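**Student:** Quick one, fold the following:
(2 chains)
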Number of protein chains: 2
Amino acid sequence: MTKNIAMRILYDGTHYHGWQRQKNGITVQQVLEDTLSRLTGETISVTGCSRTDAGVHALDYVLNFRSHTTIPPDRIPYAVNHLLPDDISAVSAWEVPPDFNARFSARGKRYIYRILNARMQNPFLTRYSWHLPYPLDAKVICAAAPMLEGKHDFSAFMAAGGDQKTTVRTVTVCRAEVSGEQNEIICVTVEADAFLYNMVRIMTGTLAEIGMGRIDPDDLPAIIKSGDRKRCGLTAPPQGLFLKKVYYDLG
Amino acid sequence: MTKNIAMRILYDGTHYHGWQRQKNGITVQQVLEDTLSRLTGETISVTGCSRTDAGVHALDYVLNFRSHTTIPPDRIPYAVNHLLPDDISAVSAWEVPPDFNARFSARGKRYIYRILNARMQNPFLTRYSWHLPYPLDAKVICAAAPMLEGKHDFSAFMAAGGDQKTTVRTVTVCRAEVSGEQNEIICVTVEADAFLYNMVRIMTGTLAEIGMGRIDPDDLPAIIKSGDRKRCGLTAPPQGLFLKKVYYDLG
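**Tutor:** Residues are numbered from 1 along each chain as shown, chains lettered A, B, ... in the order given. Down below sits the predicted model:
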């Protein structure tokens, strides 16, 4: 009998061309499909909760796949971890109802974006943050972030290439926090029901330019309303972005 | 005129055969000597505060070198960072008295060692921790760690290969702390006036075996006294170890 199996994984996206299977370059989806196919002896197709870009990381990613395997779902992570490369790790797996779809059943997601605001690069954060060497006004960034919360048409914060029907999204959390021994880490957390293409990276780029004094935070409502991508900041680079959590309705 | 210049750096030791220049394999010392020689047009020899092993990291490493360069010392980090690979970064540099020696002037050092105690590996910590998948008793480890403090002959905690005159060391701090969302990180901090070869890694291996119930913490005083390496735990692997701080007397 076919089971629908959900699995939680995490991955370091540095060496992947993103999540989604493609002809040129190795992707996380491909590695998982190949590994699960090898494990089960079937041809496994995997549905992921998010199509992360090249270099983007995931701390808690959910996927699902259908299989006839007799391996108990809770044993699958142990088995696949022996076959997966070091930069992808399965955490847990369990059987889900037949209609569960890791992408379309998701009710919301949380991303975090890490900025390293220090004169010098930190070798431990090169692949996991956006290094901005000139001083940012972190207080202004922290005060401005919540102005991006709410239900809005976020088309100003969208890169070309999305395939969505509507550009209205509800951002339930947008906050920035400062940490590190020298207050050198600025971490932006964004939670929403769904995201437009590059939305978190454009929001972060906009907050960074607010911290540089190049965008006035009081203009944020007008920028959202304008729907004009050019009034936002640059798209922050991928390596600072982490998918932190995916939310589903239980039962 | 020759200046004696001290420099603080950090490095990710994953891809290096340790600090010290050697014939087979690239080392951090070699990369710095080559880079500083290229920058100054002189043949630069670098003295480092510690000969870290292959795979060991440094969060705050001090070195010194002599040079005729006219580049102001405080500009050197910017210049060398353009020439250094991503996994080594210079933080600051300044002129020091002629007799300053990064190794022999050091009055103490602090190391931290990170254990990941979780069933599954974490791709973000593979190169930066020791993964122990079976449950450790962290409370017992935290209680036992301070028993390694004090002035003792630590020859039981020394691997062959050291070149020291005495094996007496004063451990001023030895503590273990638990962190992480699931309390899965155990971090051991050890501070001493000087260290024997592999001392922190053997101390950590011993604490881990205490957490497994294979060594009785009450035996620690006797183990220290015995000077018997075989009564300690395994040598913890290099990738969990970080040089955290080097202490010098000012002036």
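**Student:** and A:Val80, what does it touch?
**Tutor:** Counting by CB atoms under 8 Å, 6 or more residues apart in numbering or on different chains, A:Val80 touches A:32, A:35-36, A:39, A:90. C-beta here means a position set from N, CA and C on the backbone, and glycine is covered the same way.
**Student:** Closest one of those to chain B?
**Tutor:** Nearest to chain B out of the contacts of A:Val80 is A:Ala90 (CB to the nearest CB; 6.9 Å).
**Student:** So the closest one: helix, strand or coil?
**Tutor:** Of the three states, A:Ala90 takes strand under DSSP: H, G, I helix; E, B strand; the rest coil.
**Student:** do A:Leu196 as well
**Tutor:** Here A:Leu196 is recorded as coil under three-state DSSP.
**Student:** before we move on, the earlier item: please tabulate the contacts of A:Val80 in CSV, including the columns secondary structure, distance to chain B and pLDDT.
**Tutor:** Formatted as CSV, the contacts of A:Val80 follow (DSSP: H, G, I helix; E, B strand; the rest coil; distance: CB to the nearest CB, whole Å; pLDDT from 0 to 100):
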residue, secondary structure, distance to chain B, pLDDT
A:Leu32, helix, 13, 97
A:Thr35, helix, 14, 97
A:Leu36, helix, 16, 97
A:Leu39, helix, 16, 96
A:Ala90, strand, 7, 97
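**Student:** Could you give me the ChimeraX selection string for whichever of these are buried?
**Tutor:** To isolate the buried ones among the contacts of A:Val80 in ChimeraX, judged by 16 or more other CB atoms under 10 Å in any protein chain shown, type:
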select /A:32,35,36,39,90
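**Student:** Can you give me the end-to-end span of stretch A:50-63?
**Tutor:** Start-to-end span of stretch A:50-63 (CA to CA, to the nearest Å) is 9 Å.
**Student:** An error on my part: the question was meant for stretch A:229-247.
**Tutor:** Per CA to CA, the first residue of stretch A:229-247 is 28 Å away from its last.
**Student:** Up against chain B, what does chain A have?
**Tutor:** A:10-12, A:57, A:59, A:77, A:81, A:86-91, A:120-124, A:126, A:128 (CB under 8 Å from any CB of the partner chain).
**Student:** Now the buried members of those residues.
**Tutor:** Counted by 16+ other CB under 10 Å, the residues of chain A next to chain B give A:10-12, A:57, A:59, A:77, A:81, A:87-91, A:120-124, A:126, A:128 as buried.
**Student:** Which ones among those residues lie within helices?
**Tutor:** A:77, A:81 (DSSP state H).
**Student:** Quick check: the gap between A:Phe195 and chain B.
**Tutor:** Separation of A:Phe195 from chain B (CB to the nearest CB, to the nearest Å) stands at 22 Å.
**Student:** contacting residues around the residue at the greatest distance from the centre of chain A?
**Tutor:** Ranked by distance from the centre of chain A (CA atoms, centre = their mean), the top residue is A:Met1, with 33.4 Å. Going by CB under 8 Å, 6+ apart, A:Met1 touches A:His68.
**Student:** How about the one 10 residues further on?
**Tutor:** Remark: with contacts taken as CB under 8 Å, 6+ apart, A:Tyr11 is in contact with A:28, A:57-58, A:61, A:87-89, B:123.
**Student:** any residues touching stretch A:18-26, and which ones?
**Tutor:** Here stretch A:18-26 has contacts from A:15-17, A:27-30, A:33, A:48, A:50-56, using CB under 8 Å, 6+ apart.
**Student:** Go ahead and build a ChimeraX selection from the buried members of these.
**Tutor:** Selecting the buried subset of the contacts of stretch A:18-26 in ChimeraX, with 16+ other CB under 10 Å as the burial test, is done by:
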select /A:16,17,27,28,29,30,33,48,50,52,53,54,55,56
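**Student:** so of the contacts of stretch A:18-26, which ones are in helices?
**Tutor:** By the criterion of DSSP H, membership of the contacts of stretch A:18-26 in helices covers A:28-30, A:33.
**Student:** Can you report how many residues neighbour the nearest residue to A:Thr40 once chain neighbours are set aside?
**Tutor:** Leaving aside its sequence neighbours, A:Thr40 sits nearest to A:Thr69 (CB to CB, 6 or more residues apart in numbering or on different chains; 4.4 Å). The local packing of A:Thr69 (other CB atoms under 10 Å in any protein chain shown) involves 20 other residues.
**Student:** coming back round to it: pick out the most distant pair among the contacts of stretch A:18-26.
**Tutor:** Greatest spacing in the contacts of stretch A:18-26, by CB to CB: A:Glu33 and A:Gly55 (20.6 Å).
**Student:** Am I right that A:Leu207 sits in a helix?
**Tutor:** Yes - assessed by three-state DSSP, A:Leu207 belongs to a helix.
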